[in-house]
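**Q** take a look and give me a structure for this.
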Amino acid sequence: MPMTVGTGIGTDMHAVGERARRLESLGYDFVGVGETQHNPFLPLVLVAEHTERIHFGTSVAIAFPRVPHITANIAWDLSKYSGGRFVLGLGTQVKGHNERRFSVPWAPPGPRLRDYISCMRAIWDSWQNGTKPSYEGEYYQYKLTSPFFNPGPIEHPEIKIVISAVNPFNARLAGEVCDGIAIHGFSTFKYIREVLIPAVHEGARRAEKDPGELKISGGGFIVTGRTEQEVAAARERTRRQISFYASTRSYSRVMQTHGWDDEAAQLHRLSIEGKWDDMVGIVTDDMMEEFCVIGTWDELHGKMREKYAGINTQVSFAADPRNPDEEAQIKEIIADLKTIPAVGEA
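**A** So this is what the prediction gives:
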């Protein structure tokens, strides 16, 4: 599987169509929309409308606030409209956000996500093949429908599912029941190599699947810019972002891998106190090197090759060229990134 290159596309509905066309012309293979401040699915309709080649997806949508039938329906329509270019990326979010932001009762997220995906696939099978609804899992069920509620078969019913993972359970789940994994940005490259990738491969072996056929994207932070000054500014923005993630106890295993238990505890305490500015200084330059690829556009290919070779099947690179010369440079960078050996090629 050759290396592909992806990027985010934003959520400004007035700009998404034109931006999607531009990213496709620059050579990007994938664009994604995350679920933070806006709905992640709506912009993708415009991506499908304004492009012909590029794949796109949620990176990621939060699963549990939407029941499987709702997500299955959205994915079905996007796959049909785009000719099979849609990738459904799902994440669980942490307990506090599920309960206090989304009003969703909490349950063990890994087993629940397995049930969620199985239910969606039973729904898709019913729509595509006329299979009688008979799915009943621990958390979800699909045992009732009628022709009035069945959207009918589509040309590309094998919708790809990837899930976000920070911890080994979901990484194994990604390998076992999904088409790939979207590794959380808050993952050092040591943690990815020693913990997450072995877990993904273990899951694939359980399902008698070839790990080399899985989509593996994400992981780490890309800190880049045209000049050293732009890189320095991006570094400090990323340092703040890492301090936020590192304060979350659900992600503590990443910190533990490097012996940063004390720093994680301190960051968590400061976050509870609302001292966000004080948290930034706890993230050292050594930590930044473990979490990030840092370099100017000219340096990026070599540094990303060093970090991602043999791990990913997709790498991310965000850039906004301002003139034709920069557009040419971005096209060259993207072409170079596609030469990084993917899983099984290194």
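
**Q** quick one: residues contacting Gly8.
**A** Remark: with contacts taken as Cβ atoms under 8 Å, 6 or more residues apart in numbering, Gly8 is in contact with Val31, Gly32, Val33, Gly34, Ser59, Ser316, Ala318. For every residue, glycine as well, the C-beta is placed using N, CA and C.

**Q** list phi and psi for it.
**A** Main-chain torsions, Gly8, degrees, to the nearest 10: phi -80, psi 160.

**Q** for it, report the pLDDT, please.
**A** On the pLDDT scale, Gly8 is placed at 96.

**Q** what's opposite it in the beta bridge?
**A** Partner residues in beta bridges with Gly8, using DSSP bridges, are Gly32.

**Q** and it, how far from Met288?
**A** When distances are taken as Cβ to Cβ, to the nearest Å, Gly8 and Met288 turn out to be 21 Å apart.

**Q** circling back to that earlier point, now render the contacts of Gly8 as TSV, adding neighbour count and pLDDT.
**A** Output for the contacts of Gly8, formatted as TSV (neighbours: other Cβ atoms under 10 Å; pLDDT from 0 to 100):
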residue	neighbour count	pLDDT
Val31	24	98
Gly32	25	97
Val33	25	97
Gly34	20	95
Ser59	26	94
Ser316	24	96
Ala318	13	93
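
**Q** these two touch, right, Gly84 and Leu78?
**A** No: if you go by Cβ atoms under 8 Å, Gly84 and Leu78 don't touch, sitting 9.7 Å apart.

**Q** please tell me how far the closest residue to Leu196 other than its chain neighbours sits from Ile197.
**A** Using Cβ to Cβ, 6 or more residues apart in numbering and skipping the chain neighbours, the partner closest in space to Leu196 is Ala171 (4.7 Å). Applying Cβ to Cβ, one obtains 8 Å for the distance of Ala171 from Ile197.

**Q** more neighbours, the two?
**A** The residue with the greater number of neighbours, taking Ala171 and Ile197 and applying other Cβ atoms under 10 Å, is Ala171; the counts read 27 against 22.

**Q** buried stuff in stretch 68-88?
**A** Residues of stretch 68-88 classed as buried by neighbour count (16 or more other Cβ atoms under 10 Å): 68-69, 71-80, 82, 84-88.

**Q** next one: the biggest helix by length in the chain to chain centre, how far?
**A** When the chain is scanned for its longest helix (criterion: DSSP state H), the result is helix 109-129. Between the centre of helix 109-129 and the centre of its chain there are 19 Å (Cα atoms, centre = their mean, to the nearest Å).

**Q** quick one: residues in contact with the following helix or strand past it.
**A** Counting by DSSP states H and E, the element after helix 109-129 in chain order, helix or strand, is strand 135-136. Surrounding strand 135-136, the residues in contact under the criterion Cβ under 8 Å, 6+ apart are Ser118, Cys119, Ala122, Ile123, Gln141, Tyr142, Lys143.

**Q** out of the residues you listed, which are buried?
**A** Ser118, Cys119, Ala122, Ile123, Gln141, Tyr142.

**Q** and the first one, how close does it get to Pro111?
**A** To Pro111, Ser118 is 11 Å away according to Cβ to Cβ.

**Q** ditto for Gln256
**A** Noted for Gln256: a distance of 23 Å to Pro111, by Cβ to Cβ.

**Q** got it, and Thr4?
**A** 31 Å.

**Q** how is this protein partitioned into domains?
**A** According to automatic domain parsing, the chain is divided into the following domains: 4-225+293-337, 226-292.

**Q** any regions of the protein where pLDDT drops low?
**A** Flagging of the chain using pLDDT under 70 yields the residue ranges 344-346.

**Q** now do the strands in it.
**A** Listed in chain order, the strands of the chain (DSSP state E) span 4-8, 30-33, 55-58, 61-62, 86-91, 135-136, 141-142, 160-165, 180-183, 215-218, 221-225, 292-296, 314-316.

**Q** next, the angle strand 86-91 makes with the first one.
**A** What it means is strand 4-8. Orientation check (axes from the mean of the first three to the mean of the last three Cα atoms, to 10 degrees): strand 4-8 against strand 86-91 gives 60 degrees.

**Q** strand 221-225 and strand 4-8, what's the angle between them?
**A** Strand 4-8 and strand 221-225 are oriented at 80 degrees to each other (the same axes, to 10 degrees).

**Q** who touches Arg114 in this structure?
**A** Leu173, Val177 are the contacts of Arg114 under Cβ under 8 Å, 6+ apart.

**Q** which parts of the stretch 151-300 of the chain are helices?
**A** Using DSSP state H, counting those that start in this stretch, the helices of the stretch 151-300 of the chain run over 168-177, 189-191, 197-206, 228-246, 252-257, 261-272, 276-280, 285-291, 297-308.

**Q** just send those helices back as JSON lines, with distance to Arg322 too.
**A** Rendered in JSON lines, the data for the helices of the stretch 151-300 of the chain read as follows (distance: least, Cβ to Cβ, whole Å):
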{"stretch": "helix 168-177", "distance to Arg322": "37"}
{"stretch": "helix 189-191", "distance to Arg322": "31"}
{"stretch": "helix 197-206", "distance to Arg322": "37"}
{"stretch": "helix 228-246", "distance to Arg322": "12"}
{"stretch": "helix 252-257", "distance to Arg322": "35"}
{"stretch": "helix 261-272", "distance to Arg322": "36"}
{"stretch": "helix 276-280", "distance to Arg322": "29"}
{"stretch": "helix 285-291", "distance to Arg322": "27"}
{"stretch": "helix 297-308", "distance to Arg322": "12"}
